[in-house]
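Asks: what would the 3D arrangement of this be:
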Amino acid sequence: MSEIDGISKQRMLWQMEQERLKNRLVLCDDFAPRINCDRSGSQACLRFIGGVDVSFDKKDSELACGALVVIDMDTMNVVYEDFKIVHLTLPYIPGFLAFRESPVLLELIQKLMKEHPEVAPDVIMVDGNGILHPRGFGLASHIGVLANIPTIGVAKNLYHVDGLSRSHINTNLKTDEVNDDTTNHVDCVSKECLNTNLITKTVGDNYDCSDDATHHIDGVSKEQLNTNKKREEMTCDVMPLTGDSGQVLGMALRSHKGCTKPIFISIGHRISLGTAVSLVQKCGKYRIPEPIRQADIRSRERMRLNFSK
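Replies: Okay, the predicted model is just below:
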């Protein structure tokens with residue numbers, strides 16, 4: 001079998017596996033802790049947010065470091081971190097990144113859950129896409145389904161899928177004057193923005209996304225979340241990523257006032273788009289939300305310490 005034939009066969013097998021796992025995908029809030037609540041009350045409040053990232057050696061694309069951090073939402077401090085350096089033997093094939101990067105990240109997540117359940121994250125942010133993907137099942141969805149944990153996809157670059165293009169994003173987002181990524185975060189996602197074209201349904205047939213499964217964010221009800229508002233009424237730097245099919249695949253968000261480059265948020269698993277945007281906003285001191293930013297810093301530093309000589 002030639003190398004090309006081998007890659008084609010691998011793509012076919014991976015695509016079948018993605019379609020199989022996609023049947024378990026949940027696209028609405030499916031976790032108990034509340035986002036906005038009084039910790040002195042009786043409600044369980046969301047406390048810990050995880051972030052995962054993989055960094056690669058500049059000279060060897062097979063040498064990588066997977067990192068997992070957990071952030072305390074109250075202080076934005078790192079309360080847990082772990083990493084693992086690995087040799088990734090599987091090839092990188094566009095659209096199938098999860099099969100290359102997810103094993104090391106899943107191993108780190110499973111270790112955390114087993115050895116340190118006291119800081120187990122309620123949600124994990126993933127450096128990559130969720131349903132904003134050619135087959136609606138990117139790295140964030142892959143990790144979420146296999147680890148059975150709510151996940152959010154946060155990508156630095158737009159995946160050109162279902163007719164989405166960067167030029168369209170640039171045309172429809174504000175173009176304020178820019179400083180750099182050290183600018184402090186300014187709340188720019190209003191209720192009106194969160195109310196726009198948000199997904200509150202599930203892909204699978206065996207899951208009920210009822211009112212009980214949907215968090216009410218900052219007073220926003222399920223009825224409001226399902227309301228389509230005109231894009232021109234939006235008053236902040238956020239834009240629904242609506243494909244040619246009419247499906248909202250995610251949100252483009254300028255995470256702070258002085259940033260020209262948006263990030264692209266999508267549902268991973270067991271979370272709604274409105275909740276995902278709200279959490280990214282709350283973790284947004286810089287362009288990249290803090291859980292992923294800290295995972296990236298730590299994975300790069302480990303690579304530097306181990307292989308810079």
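Asks: what about the helices in the stretch 101-250 of the chain?
Replies: For the stretch 101-250 of the chain, the helices defined by DSSP state H, counting those that start in this stretch cover 139-147, 166-172, 191-194, 222-225.
Asks: lowest average pLDDT across the ones you listed?
Replies: Lowest mean pLDDT within the helices of the stretch 101-250 of the chain: helix 191-194, a mean of 42.
Asks: with adjacent residues omitted, what lies nearest to Gln15?
Replies: Arg135 (6.8 Å; Cβ to Cβ, 6 or more residues apart in numbering). Yep, even glycine has a C-beta here, placed from its N, CA and C like the rest.
Asks: what secondary structure does Val280 sit in?
Replies: Here Val280 is recorded as helix under DSSP: H, G, I helix; E, B strand; the rest coil.
Asks: measure it to Cys65 for me?
Replies: 24 Å (Cβ to Cβ, to the nearest Å).
Asks: same deal with Leu273?
Replies: 30 Å.
Asks: now swap in Cys259 and tell me
Replies: For Cys259, the distance to Cys65 (Cβ to Cβ) stands at 27 Å.
Asks: report pLDDT for Cys45.
Replies: Looking at Cys45, its pLDDT reads 87.
Asks: that one against Ala32, yeah?
Replies: No: proximity of Cys45 to Ala32 does not meet the contact threshold set by Cβ atoms under 8 Å, at 10.0 Å.
Asks: mind listing the strands for the protein?
Replies: Taking DSSP state E, the strands of the chain run over residues 48-56, 63-72, 78-87, 123-127, 151-155, 238-242, 248-253, 263-269.
Asks: quick one: closest of those to Gln18.
Replies: For Gln18, the closest of those is strand 263-269, at 13.2 Å, according to Cβ to Cβ.
Asks: quick check: closest non-adjacent residue to Arg293.
Replies: Tyr286 (6.0 Å).
Asks: ok, now Pro121?
Replies: The nearest residue in space to Pro121 (Cβ to Cβ, 6+ apart) is Gly50, at 3.4 Å.
Asks: that neighbour contacts Pro291, doesn't it?
Replies: Yes: counting by Cβ under 8 Å, Gly50 touches Pro291, with 6.0 Å between them.
Asks: of these two, give the one with the bigger neighbour count.
Replies: The residue with more neighbours, out of Gly50 and Pro291, is Pro291; 32 against 27, by other Cβ atoms under 10 Å.
Asks: re the thing from before, what about the residue nearest to Arg293, neighbour count?
Replies: Neighbours of Tyr286 (other Cβ under 10 Å): 17.
Asks: what does Asp162 give?
Replies: If you count neighbours by other Cβ under 10 Å, Asp162 ends up with 17.
Asks: kindly report the same for Arg11.
Replies: Residues near Arg11, counting by other Cβ under 10 Å, number 14.
Asks: can you give me the pLDDT of it?
Replies: The per-residue pLDDT reported for Arg11 equals 91.
Asks: not counting sequence-adjacent ones, nearest residue to it?
Replies: Of all residues not flanking Arg11 in the chain, Ile93 sits nearest, at 6.1 Å (Cβ to Cβ, 6+ apart).
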